[in-house]
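Visitor: Take this sequence and fold it.
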Amino acid sequence: MKKKYYLVLFILWTIYSGISYSQNVKVSDYIVPISRASQLRLNGNWNYSQSGDSVTSSVATSSLDYHTFYSSLPLAWFINLVASASRSRGDISINQDVKFDARFQKYVWENNNWFGFAKFNAQSNTNYLQVASDITVGAGYGRYINATSLAKAVRIESHFIQEDVITDFLPKEVILKIADIIERETEYQTLYGTTYETIWFRDIEREIQASDMCKDDGIGSIGIMRMRQVLLKINEFVNDRYYGWDINCGILFPLTTYNKAQVGNMNLALTGRYSIPVSWSTQFNTTIDFSTPMDSMLFKEIQSQVGVDFIYELNNRVNLVSRYRFGLIKQNESLPASSNYLDFTFLYYIENNINFTINSTFSKVSNKPRQITSTMGLQYNFY
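Guide: Alright, predicted model coming up:
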């Protein structure tokens, strides 16, 4: 009964977050010819425990996450690097795990969603004798849009309403123009160098003034301060916003194996992803990956994974990020081996790209004992 009660409360909370700050624009209204984003995060934590005079645990862990992509109507590319290292008290060696993937896709027609693609994956960890790698070539359909710039524009708009800078929510066409200016930050940096912020903010202010919704002649000092907080990540944190979907099918060619064994045959690979922003504070992302050998073991041997991400912004400085991953591997006549991974991260934005994090994870692989961990640490966003 309590579970149902909490579920109803959560649903009502999510709906309230979407309707209590109703803008004239939706995330899916953001359609731009060019979409780009880059993110580099460094995490570090130390887990220490003691019982009496004896130290029972002392583990230092660090991780690096780098993600960047460029998406336009004719072409797109994506690069992701996730690396982690840990060392326990008394251990000589350092446990490490590194995953890298790069993807390039080209749309056949600018006004159509058919595309061809090539993808490279590489992975290494402490137990590998060498880097395992593969390349995939294929085709797909769909379009995946990054609307983070629009989310930042809406965050600025909400501040302006609370501070009485503007009289009401801005018209859709105005907020979309502001999002486009925010998206072009790199362009402003290239053209104007270290003074780009002044011109960048000026152009945003001109769009707001043109709407005739400013209470004064301009947005004033409080408006400039709020824009700086959101756009330069000063006491503000706006999670990435995505919407749309794509699905693709390709042929995977193994290049190297983790144990220096002979590479196997080609694989049929299917992948898909879908993102839906439920509200301006809530985001769901889903991914699906499936592969099977293109030989006599077709569909008799499989590797698959389903992933779900849930992001909720409690307020401008507090975020909840959760991830669930379910994996299934079947080798020939053996029974399938499954894996479950659940991760909850609570982030409190301190300032200047520094976050305080509380993280809890649950993992279960087949019949092995479940693993539960909890950590606290600091996260630094380079950009």
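Visitor: Kindly state the domain boundaries assigned to the chain.
Guide: The record's domain parsing of the chain by automatic domain parsing lists 48-137+244-381, 148-240.
Visitor: Next, format these as CSV and append distance to residue 25 and mean neighbour count.
Guide: The C-beta positions use only the backbone N, C-alpha and C, and glycine is treated the same way. What follows is these, written out as CSV (distance: least, Cβ to Cβ, whole Å; neighbours: other Cβ atoms under 10 Å):
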stretch, distance to residue 25, mean neighbour count
domain 48-137+244-381, 10, 15
domain 148-240, 5, 17
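Visitor: which stretch among these comes nearest residue 29?
Guide: The closest of these to residue 29 is domain 148-240. By Cβ to Cβ, the value is 6.4 Å.
Visitor: Helix or strand: which one has the residue nearest to residue 46 when sequence neighbours are not counted?
Guide: Excluding the flanking residues, the one nearest residue 46 by Cβ to Cβ, 6 or more residues apart in numbering is residue 60, at 5.1 Å. Following DSSP states H and E, one finds residue 60 within strand 54-72.
Visitor: sorry, back to before: which pLDDT does the model give the residue nearest to residue 46?
Guide: With respect to pLDDT, residue 60 has a value of 87.
Visitor: do the one 5 residues further on as well
Guide: In this model, residue 65 is scored at 89, pLDDT.
Visitor: mind checking how far it is from residue 241?
Guide: Taking Cβ to Cβ, to the nearest Å as the measure, residue 65 falls 18 Å from residue 241.
Visitor: Give me the nearest residue to residue 353, chain neighbours excluded.
Guide: With Cβ to Cβ, 6+ apart, the residue lying closest to residue 353 is residue 381, at 4.2 Å.
Visitor: er, residue 85 actually
Guide: residue 96 (4.5 Å).
Visitor: Quick one: classify the one you found as helix, strand or coil.
Guide: Classification of residue 96 by DSSP: H, G, I helix; E, B strand; the rest coil places it in strand.
Visitor: list the contacts for it?
Guide: The contact partners of residue 96, by Cβ atoms under 8 Å, 6 or more residues apart in numbering, come to 83-86, 124-126.
Visitor: do that again at 7 Å, thanks
Guide: Contact partners of residue 96, counting by Cβ atoms under 7 Å, 6 or more residues apart in numbering, are 84-85, 125-126.
Visitor: Can you name the residues that contact residue 359?
Guide: Taking Cβ under 7 Å, 6+ apart, one finds 344-345, 374-375 in contact with residue 359.
Visitor: Can you tell me which of these comes closest to residue 228?
Guide: Distances from residue 228 to the contacts of residue 359, taken by Cβ to Cβ, are shortest for residue 345, at 26.6 Å.
Visitor: about what we covered before: out of the domains of the chain, nearest to residue 40?
Guide: So among these, domain 48-137+244-381 is nearest, using Cβ to Cβ, at 4.9 Å.
Visitor: Can you measure across that closest one, start residue to end residue?
Guide: Start and end residues of domain 48-137+244-381 are separated by 25 Å (Cα to Cα, to the nearest Å).
Visitor: where does that domain sit relative to the chain's centre, distance-wise?
Guide: With Cα atoms, centre = their mean, to the nearest Å as the basis, domain 48-137+244-381 stands 11 Å off its chain's centre.
Visitor: Check stretch 130-143 too.
Guide: In terms of Cα atoms, centre = their mean, the centre of stretch 130-143 is set 19 Å apart from its chain centre.
Visitor: Pull it out as CSV, backbone CA atoms only.
Guide: Taking Å, rounded to 0.1, in the frame of the first residue of the first chain, the C-alpha atoms of stretch 130-143 are listed here in CSV:
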residue,chain,number,x,y,z
GLN,A,130,45.1,-5.8,-24.7
VAL,A,131,42.5,-3.3,-25.9
ALA,A,132,39.3,-4.9,-27.3
SER,A,133,38.0,-3.1,-30.3
ASP,A,134,35.5,-3.3,-33.2
ILE,A,135,34.0,-1.2,-36.0
THR,A,136,30.4,-1.2,-37.3
VAL,A,137,29.1,0.1,-40.6
GLY,A,138,25.4,0.3,-41.5
ALA,A,139,22.3,2.5,-42.0
GLY,A,140,19.5,3.9,-39.9
TYR,A,141,16.5,6.1,-39.6
GLY,A,142,15.5,8.9,-37.2
ARG,A,143,16.8,12.1,-35.7
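Visitor: which residues are in contact with it?
Guide: Taking Cβ under 7 Å, 6+ apart as the rule, stretch 130-143 contacts 113-124, 244-258, 260, 269.
Visitor: okay, residue 50: pLDDT?
Guide: Note on residue 50: pLDDT of 72.
Visitor: Residue 81 now?
Guide: 95.
Visitor: For residue 227, see how far away residue 350 is.
Guide: Distance of residue 350 to residue 227, computed by Cβ to Cβ: 20 Å.
Visitor: what pairs with the helix or strand just after the strand holding residue 60, and is each one parallel or antiparallel?
Guide: Sequence order places strand 75-88 as the next helix or strand after strand 54-72, per DSSP H and E. The strands beside strand 75-88 in its sheet (DSSP bridges) come out as strand 54-72 (antiparallel), strand 95-107 (antiparallel).
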